[in-house]
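Engineer: give me coordinates for this.
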Amino acid sequence: MAREPATQQIAVLWLTTLQRALGRASHDVKDALNGALVNIEVIRGRAGKPDAPAASIAPFAEAAGQQLDRLTILIDAVLALGRVEREPADVVVTLRRVATICGASASFADAQVTVEVGDLESAATAVPGDAVRLALAAPLLDLVMGEGRTERASPVRCSVRAGDGTTVVTLEAEGRRAAMPVWAEQAVRAAGVRWVMNERGGEASRMNDLSLEFPRA
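Structural biologist: Numbers count the residues shown, from 1 in each chain. The predicted model follows:
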């Protein structure tokens, strides 16, 4: 059965956004994989020596383990976002996956991403899965990027709380403006997502956060 035009538009926009995010995350995947392989080769070389003390191997084993843990998290997020979303979609689960790939980059200037979740009975939403992904990833990708910076951009904080019949996700970063990209506005709004931009600060340092509202299932 052919999908409705609105659903097709969401799918196309999400695929484009996912490709953009994966293009950035691929650097982190390669770095983690290469780092783990280098450390494993060192371990293999030292372990082959009869008189090699365990203390000379331990730091490399620890480093390889950390890099493999990072790689596992990234690959899990990529695979999950590449599959069809189960309905009803869970806003918190989707946010964690989106934050993982949006925050992955080899660029030192890009912002780190944190996710904080308040008390929620449920984060299931009536919004279709691809629309949830698009609504979260489109503004978050723009917010984490730090082109032209010589120092790391301020961390991006993603906080989740219960609203009035909704799950509310707020995106904020010190010194920057969070916004839904114009090209995604119509499709995301048609899918049932609403948002509010809360402006604050003086003329010299005006900024805002973006609060996305997902109706509960």
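Engineer: need the residue closest to the centroid of the chain.
Structural biologist: When CA atoms, centre = their mean is applied to the chain, the residue found nearest the centroid is residue 99 (1.6 Å).
Engineer: any idea how far the nearest residue to residue 125 once chain neighbours are set aside is from residue 159?
Structural biologist: Leaving out its chain neighbours, the residue that sits closest to residue 125 by CB to CB, 6 or more residues apart in numbering is residue 214, at 4.2 Å. For the C-beta atoms, the positions are set from N, CA and C on the backbone; glycine is no exception. Spatial separation of residue 214 from residue 159 under the definition CB to CB, to the nearest Å is 14 Å.
Engineer: one more: residue 217?
Structural biologist: Residue 217 is 21 Å from residue 159, by CB to CB.
Engineer: ditto for residue 112
Structural biologist: Taking CB to CB, one finds residue 112 at 15 Å from residue 159.
Engineer: what do you get for residue 170?
Structural biologist: On the measure of CB to CB, residue 170 and residue 159 end up 5 Å apart.
Engineer: could you do residue 37 as well?
Structural biologist: 37 Å.
Engineer: so the two - more neighbours on which side?
Structural biologist: Counting neighbours by other CB atoms under 10 Å for residue 37 and for residue 159 shows that residue 159 has the greater number, 17 against 12.
Engineer: thinking that one is in contact with residue 99, fair?
Structural biologist: No: the pair residue 159 / residue 99 is not scored as a contact, 11.4 Å apart, by CB atoms under 8 Å.
Engineer: sorry, back to before: if you count neighbours, what's buried in the helix or strand hosting the residue nearest to the centre of the chain?
Structural biologist: Counting by DSSP states H and E, the element that carries residue 99 is helix 91-102. For helix 91-102, the neighbour count (16 or more other CB atoms under 10 Å) marks 91, 92, 94, 95, 96, 97, 98, 99, 100, 101, 102 as buried.
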